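A.B. asks: Structure, please.
(2 chains)
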Amino acid sequence: MNVNRVAESLLALSQQEELVDLPKNCPLSENEDEGDSDRERKHQKLLEAISSLDGKNRRKLAERSEASLKVSEFNVSSEGSGEKLVLADLLEPVKTTSSLATVKKQLNRVKSKKVVELPLNKEKIEQIHREVAFGKTSQVLSKWDPIVLKNQQAEQLAFPLGKEQPAIAPIEHALSGWKARTPLEQEIFNLLHKNKQPVTDPLLTPMEKASLRAMSLEEAKMHRAELQRARALQSYYEAKARREKKIKSKKYHKVVKKGKARKASKELEQLQKVNPTVALEELEKFENARMMERMSLKHQNSGKWAKSKAIMAKYDLEARQAMQEQLAKNKELTQKLQVASEIEEEEGGTEEVEELLVPHVVNEVQMNVDGPNPWMLRSCTSDTREAATQEDPEQLPEPATHEVSESEGERPVAEEEISLRDFEERRSLRKRSELNQDAEPAGIQETKDSSSQEVLSELRALSQKLKENHQSRKQKASSEGTVPQVQREEPAPEEEVPLLLQRPERVQTLEELEELGKEDCFQNKELPRPVLEGQQSERTPNNRPDAPKEKKEKEQLIDVQNFLTTQSPSVRSLAVPTTIEELEDEEERDQRQMIKEAFAGDDVIRNFLKEKREAVEASTPKDVDLTLPGWGEWGGVGLKPSTKKRRQFLKAPEGPPRKDKNLPNVIISEKRNIHAAAHQVQVLPYPFTHHRQFERTIQTPVGSTWNTQRAFQKLTTPKVITKPGHIIKPIKAEDVGYRSSSRSDLSVIQWNPKQITTRHSKELKKNSVG
Amino acid sequence: MGEMETAPKPGRDVPPKKDKLQTKRKAQDPFPGPAPVPVEVVQKFCRIDKSRKLPRSKAKTRSRLEVAEAEEEETSIKAARSELLLAEEPGFLEGEDGEDTAKICQADIVEAVDIASAAKHFDLNLRQFGPYRLNYSRTGRHLAFGGRRGHVAALDWVTKKLMCEINVMEAVRDIRFLHSEALLAVAQNRWLHIYDNQGIELHCIRRCDRVTRLEFLPFHFLLATASETGFLTYLDVSVGKIVAALNARAGRLDVMSQNPYNAVIHLGHSNGTVSLWSPAMKEPLAKILCHRGGVRAVAVDSTGTYMATSGLDHQLKIFDLRGTYQPLSTRTLPHGAGHLAFSQRGLLVAGMGDVVNIWAGQGKGSPPSLEQPYLTHRLSGPVHGLQFCPFEDVLGVGHSGGVTSMLVPGAGEPNFDGLESNPYRSRKQRQEWEVKALLEKVPAELICLDPRALAEVDVISLEQGKKERIERLGYDPQGYDPEAKAPFQPKPKQKGRSSTASLVKRKRKVMDEEHRDKVRQSLQQQQQQQQQKEAKAKSTGARPSALDRFVR
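C.D. replies: Next comes the predicted model:
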């Protein structure tokens, strides 16, 4: 409690200090030009004005502006000297001076104001922080206590901790053997059938199924957002293209064109290797370009520039070179490509045949080729944009258009193309499933305006990328939520029946427990005292072990002789054994017995008592005499060591009483069976403090010899079961029904003390300065 | 957690309820819930000794103890329920009102019983090879007997199929089956021999010479031999090693029996004592003075509770073996009993000359009352060997005229454990059992008077270990009290002030302060007590008069 209060006061104090900081710091900074007293005075006035702004009446310190001999603390000055004294003033009654009243007030205020406590030293503060943090942490962690306790006391723990899905038998299983019998039931069934309600196997109506298959709300939202993004990006691209188109620099365009041409040729080479059919189209385009070149007067050195160059060519080497280059270009452009033309001829001849042989895709491409120049259709992109099922983006090469749109960055385009391709494939798949019948006309239309398509596709690619980024961010955010879900779902379908539940249904064996059980029951009870039948009256009362406790000592003096010589009833009614028919050796033996009987008697008992005495003596520990006569006192013949000294004998400790102390006819060995002791428990396990407590827990036998099969299995169930091949994760708050807020709690704790310490350090600095 | 389960929940042991529709139609169950289990039967299976008080225990320990007790209760209830499966009931013999059962002779019994039982009574007239010793196998199916003049035979006595019959051409002192009927130990004049069930001699054990009596401890696989030379030798038949050879120091040993409860060997001596032996100890576990003359026969019942002895003083005594070793009943017999044996259900048989007497108790677990014999039978010769057949109401008697198998109703245990000793087991089952029994073999050194000692903590070692640990660590980690104040240790001060003298002074100061506190407290207590006493004395003193209220 005390600690908390101190911590609170500390916090309050540090806050106060911060508040006070501001006004204090201001004057310090302004005090740099001290020489100028006038400015300083003005500043002082300003400060006063400011301080008076807050409404409270502060005592104004009068300023002395003229020289005077008397400089007193009361600030008497002749500031008001210029004013005239009015008689009315003198007539007024003498009042208590207001200045003194204010002083009093201030004094009172000062008195009432408590002295700020000294800040604690660093060690103390840190200790307080630690204690507070410890308290909070232990409070946060204490919510796990019941779970830990429960797990410690649980008979069995199964890992991984995933909740087992309760195996609910599907309703159709339950209903399989059941038929409608009563009229009511039949009517209900009829109704169900009419409405196409499922009766047994499919639990969902067709409507429900359709709704399940339909797009979810989230998916639809995503889809819409994606379309919006695509539209926006397209408009950006269009704007960009328009801007580029307006560029008037010829050099720029020339460079662009050159680059495009170079790239196109390169691509063609590659295409010829990879995909000859596509290469053919490319060639077609080249052919077109050649025709255009031939028709036009470009590169014929007939333009304005060429003419000017021609004039300069005589003198300028560079101009000549430029002209030659242009001519070479012309030649290059107008030259007919040999291979391409051949293929073209063949194609022209067998077009109809090919239409049957070549796959559908190729046909489409050809249509594309034959169709109007895509450049012409650029304006009509808007109306064809939506239906965007592109069969294969590879078949819409149009290198020229490609170059225009992506002149600056070739690399990114390639990347985009790849991503775009899979995206389109996926999209097409989905669309196809939806509108199977519309697919072909759409495809035809698509291929016509491939150029616009290309732009669109690029836009899509971009949007796709954006979306991917977005999604990845989302995934990161939700990864904590989704991952465990997946794992929780994982074990469910397996539905492994724990081995322990599949107990073998074996017939329980008959167990010979009777003897053991009986023995135990009786062992604990008072042992039945021996009773000699019919002869009890003859015995001395001392002889009876039932005698009260006081007679115990006497009891030890039980006469063994008495014990043995008690007369026992002899059997008379028995069939007496015949001795007539006895064999000779039997007779001999009998004689020997007779002799033995004659000699048997007291010495047997005496011998036994002697033996017992010896055994008792052997088992009792001996005293050891360690007195040294003559040490510390007079010694010599006839002198005995004093009693005080004799008391120092090492007296052997008295052992536990012998087991046969009260049994005169028995000698029980007191020796310890060390071989058996090696098998006994020698260390107490943890929660037990006394050996008898632990003994109670191990007295029940566990083996199948002493238990029924069920009991045996239950007694030997493992404490922990793990499923092989499953990852066992540490326990989480969600697993036991808590919200996962423990982390945030902890973070609060970790953050708090830091803040306090920083404040504290500030305060310390101030202290050292002031 | 602490809830005790008195009866298994209905879902577990009771067969699950069928369809709800069916149960609705039916009438209500007249015996709802699990069947009640009689408390006495459950008590029989409870093994936790609750008579000894426990010291006060912590909550954690208490919960463990509660778990153990609940476990015990559950298992004992389960065991009590399975008693139902012990369907067979023991036989009995009842005379018509007032008739003494001892007067009923074997012929009458044989006439009364069914043919299968009647076939169990037979006589083997083997007068040629002298008095016979005999032994039944543990399952009670096989019988081996050996005559003093060398005749050894083993047979399946139920079917009367002879397994082997040989003459060892040497005096046979005793004969005993080993763990199964396939092996046979024969104590011959010189040495101990082991034969298989074909009569082929497998071993001749020369270290056991001049053996007079044999005992086999089935759970330890030990063959105990008592010899004329006064040695008790334990032979481990599973590994063929002599575990212990103990010198009894009491002359010739010819009286021996085993306690089936704890596998202790009882030896009778000529000085009237019976000594109890374990292979782990060089000296007898206990020595009981039983008779004034020499001991002629000893037998211990199957629960290990009672020992019957007979001596040269013609007395037959029954001793209690549960700690007191006092005779429970004594009877003087006209010639004394030469041989004694207990049956599985506690009948006692004594062979006196050519007569056998059988005494019965009130039931299982009670000592046989020696007042009235249950049955008597006269044989054709003096008795030389006696044994009740396990799981049968049959007593085998070996005598000079051969071997007699007589019917004793109520002698044998009616229910056998099919996994432990099955009389009807096949060869394959026997082999299976043999492996299992060998795996569960109990070490010889575990034989002691109280077989449950293994479930106890070795207190001496425990104390010793504790003492050593305290010595090593300097304090008791188990008796550590977290609230106990640590002894004051003065902190080191700045230089110059931390001299030893000042440290001691500071220490002394604190100590004195504590001492003063204690004294003050005790004084306060004393004063309070005195005040209380005075107050009491006042209150119990003279009654206040009515005028006391005016006293100021």
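A.B. asks: Pull out the buried positions in the helix or strand A:Ser265 falls within.
C.D. replies: Element membership of A:Ser265, judged by DSSP states H and E, is helix A:250-274. Residues of helix A:250-274 classed as buried under the neighbour-count rule (16 or more other CB atoms under 10 Å in any protein chain shown) are A:256, A:260-261, A:263-264, A:267-268, A:271-272. C-beta: built from backbone N, CA, C; applies to glycine.
A.B. asks: With stretch A:704-719 instead?
C.D. replies: For stretch A:704-719, the neighbour count (16+ other CB under 10 Å) marks A:704-712, A:714-715 as buried.
A.B. asks: now for the helix holding A:Ser265, which elements pack on it?
C.D. replies: helix A:276-295, helix A:399-405 (3 or more CB pairs under 8 Å, 6 or more residues apart in numbering or on different chains; DSSP states H and E).
A.B. asks: Packing partners of the helix or strand just after the first one?
C.D. replies: By that I understand helix A:276-295. Using DSSP H and E, the next helix or strand after helix A:276-295 towards the C-terminus is helix A:304-313. Contacts defined by 3+ CB pairs under 8 Å, 6+ apart place helix A:304-313 against helix A:317-334.
A.B. asks: which among the buried residues of helix A:250-274 gets closest to B:Ile109?
C.D. replies: Comparing the buried residues of helix A:250-274 against B:Ile109 with CB to CB picks out A:Leu271 as the nearest, at 114.9 Å.
A.B. asks: how much space between that closest one and A:Ala279?
C.D. replies: 4 Å (CB to CB, to the nearest Å).
A.B. asks: Please apply the same query to A:Lys260.
C.D. replies: Distance check for A:Lys260 against A:Ala279: by CB to CB, it reads 17 Å.
A.B. asks: swap in A:Ala133?
C.D. replies: Distance check for A:Ala133 against A:Ala279: by CB to CB, it reads 74 Å.
A.B. asks: what about those two, which has more around it?
C.D. replies: A count of neighbours by other CB atoms under 10 Å in any protein chain shown puts A:Ala279 above the other of A:Ala133 and A:Ala279, at 21 against 15.
A.B. asks: what comes into contact with stretch B:365-377?
C.D. replies: A:518, A:522, A:533, A:571, A:573-575, B:93, B:100-102, B:104-106, B:303, B:305-306, B:308, B:316, B:318, B:320, B:328-331, B:346-348, B:355-362, B:397, B:406, B:408 (CB atoms under 8 Å, 6 or more residues apart in numbering or on different chains).
A.B. asks: in that stretch, what counts as buried?
C.D. replies: Judged by neighbour count (16+ other CB under 10 Å), stretch B:365-377 contains these buried residues: B:365, B:367-370, B:373-377.
A.B. asks: burial count for the closest residue to chain B within the stretch 51-200 of chain A?
C.D. replies: Scanning the stretch 51-200 of chain A for proximity to chain B using CB to the nearest CB identifies A:Gln153 as nearest, at 5.6 Å. By other CB under 10 Å, the residues close to A:Gln153 number 12.
A.B. asks: what helix or strand is residue 224 on?
C.D. replies: Defaulting to chain A. Secondary structure from DSSP H and E places A:Arg224 in helix A:217-245.
A.B. asks: Chain B, not that one
C.D. replies: In the assignment (DSSP H and E), B:Ala224 maps to strand B:222-227.
A.B. asks: strand partners of the helix or strand following that strand, parallel vs antiparallel please.
C.D. replies: Of the helices and strands lying after strand B:222-227 in sequence (DSSP H and E), the nearest is strand B:231-236. Here strand B:231-236 is paired, per DSSP bridges, with strand B:222-227 (antiparallel), strand B:241-247 (antiparallel).
A.B. asks: In JSON lines, list the ones you listed along with mean neighbour count and mean pLDDT.
C.D. replies: Output for these, formatted as JSON lines (neighbours: other CB atoms under 10 Å in any protein chain shown; pLDDT from 0 to 100):
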{"stretch": "strand B:222-227", "mean neighbour count": "27", "mean pLDDT": "96"}
{"stretch": "strand B:241-247", "mean neighbour count": "16", "mean pLDDT": "96"}
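A.B. asks: can I get these in CSV with distance to A:Lys124?
C.D. replies: Formatted as CSV, the strands paired with strand B:231-236 follow (distance: least, CB to CB, whole Å):
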stretch, distance to A:Lys124
strand B:222-227, 75
strand B:241-247, 73
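A.B. asks: just to revisit the earlier point, tell me which residues in the helix holding A:Arg224 are buried?
C.D. replies: In helix A:217-245, counting by 16+ other CB under 10 Å, buried: A:226, A:229-230, A:233-234, A:237.
A.B. asks: from those residues, which are also near chain B?
C.D. replies: Among the buried residues of helix A:217-245, no residue is within reach of chain B (CB under 8 Å from any CB of the partner chain).
A.B. asks: Pick out whichever of the residues you listed sits closest to A:Asp660.
C.D. replies: Nearest to A:Asp660 out of those is A:Glu226 (CB to CB; 98.8 Å).
A.B. asks: just to revisit the earlier point, go through the buried residues of helix A:217-245 and name the one nearest chain B.
C.D. replies: A:Glu226 (54.5 Å).
A.B. asks: Alright, that wraps it up for me.
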